[in-house]
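Asker: Fold the following for me, if possible:
(chains A and B)
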Amino acid sequence: TQLLEQSPQFLSIQEGENLTVYCNSSSVFSSLQWYRQEPGEGPVLLVTVVTGGEVKKLKRLTFQFGDARKDSSLHITAAQPGDTGLYLCAGAQTSYDKVIFGPGTSLSVIP
Amino acid sequence: DAGVIQSPRHEVTEMGQEVTLRCKPISGHDYLFWYRQTMMRGLELLIYFNNNVPIDDSGMPEDRFSAKMPNASFSTLKIQPSEPRDSAVYFCASRSLWDTQYFGPGTRLTVL
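Answerer: Below you'll find the model as predicted:
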């Protein structure tokens, strides 16, 4: 059974601070995705990582896939209030497989 | 494209009533997923279809839940009879094999 854990569960920071959230599993994934969900909306895909050790950048967001493809991190530099939301990681063992979601990290950036 | 469309956006019903949630996937997507999200359990996959055929329904909580996909542009999730513990936000999502998964806006269900 695939199981994804995320930490921290909740995070409240001041605007301008940096932060890192983590996604961990005992299973190997062929790909791992990060989503952001805002209140009242569905999750929106931010990035997909597929290669162990891969690093992707999306403006102030940096995503890393662990070498063993079991874990991932999301680093946000100089957080903005617009970054507030629920960050979900999701993994699949094959391209044909269903995607399993972690419990999420709820981020609040205070102006 | 309008994205994944779900209806209704909000549903309030009484225990024991039948509830039907509807989803129109993105045109050309051959995978359709139904999820349920609660504070306690997070985002759970209930069932998914490929080319209108149910592939994995292991996440469906019990026999009160059923899902159909009569054609490539429409799917329903039915709860009969509904119970208060079914209260949640239900999401539909669609994707093609090599594409990313797109979620609809969700249906917030409250069972009194």
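
Asker: Tell me the bridge partners for residue A:24.
Answerer: The bridge-partner assignment for residue A:24, based on DSSP bridges, gives residue A:5, residue A:71.

Asker: Nearest residue to the residue in chain A that chain B sits nearest to in space, ignoring adjacent ones along the chain?
Answerer: Going by C-beta to the nearest C-beta, chain B is nearest to residue A:42 of chain A, at 3.1 Å. (Each C-beta comes from the backbone N, C-alpha and C, glycine too.) Nearest non-adjacent residue to residue A:42, counting by C-beta to C-beta, 6 or more residues apart in numbering or on different chains: residue B:103, 3.1 Å away.

Asker: Enumerate every residue touching the one you found.
Answerer: Counting by C-beta atoms under 8 Å, 6 or more residues apart in numbering or on different chains, residue B:103 makes contact with A:42, A:43, A:44, B:4, B:35, B:91, B:92, B:93.

Asker: what do you get for residue A:5?
Answerer: Counting by C-beta under 8 Å, 6+ apart, residue A:5 makes contact with A:23, A:24, A:25, A:102, A:103.

Asker: Heading C-terminal from the worst-scoring helix or strand of chain A on mean pLDDT, find the next helix or strand.
Answerer: When the helices and strands of chain A are scored by mean pLDDT, DSSP states H and E, strand A:100-101 comes last with a mean of 90. Once strand A:100-101 ends, the next helix or strand along the chain (criterion: DSSP states H and E) is strand A:105-110.

Asker: Using PDB, write down the CA coordinates of that next one.
Answerer: Only the C-alpha atoms of strand A:105-110 are listed here, as PDB (Å, rounded to 0.1, in the frame of the first residue of the first chain):
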ATOM      1  CA  THR A 105       0.600  21.000   4.500                       C
ATOM      2  CA  SER A 106      -1.600  24.000   5.200                       C
ATOM      3  CA  LEU A 107       0.500  27.200   4.700                       C
ATOM      4  CA  SER A 108      -0.600  30.600   5.900                       C
ATOM      5  CA  VAL A 109       1.600  33.600   5.000                       C
ATOM      6  CA  ILE A 110       0.800  36.600   7.100                       C
END
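
Asker: which one of the contacts of residue B:103 is nearest residue B:75?
Answerer: The nearest member of the contacts of residue B:103 to residue B:75, counting by C-beta to C-beta, is residue B:92 at 6.8 Å.

Asker: and the closest one, how many neighbours does it have?
Answerer: When neighbours are counted by other C-beta atoms under 10 Å in any protein chain shown, residue B:92 registers 28.

Asker: so how far is chain A from it?
Answerer: Separation of residue B:92 from chain A (C-beta to the nearest C-beta, to the nearest Å) stands at 9 Å.

Asker: which residues touch stretch B:29-36?
Answerer: Around stretch B:29-36, the neighbours that count as contacts under C-beta under 8 Å, 6+ apart are A:98, A:101, B:23, B:25, B:43-51, B:67, B:69, B:72, B:75, B:77, B:88-97, B:99, B:101-103.

Asker: Likewise for stretch B:50-69?
Answerer: Contact with stretch B:50-69 is made by A:98, B:30-32, B:34, B:44-49, B:70-72, B:75-83, B:86, as judged by C-beta under 8 Å, 6+ apart.

Asker: That'll do, ta.
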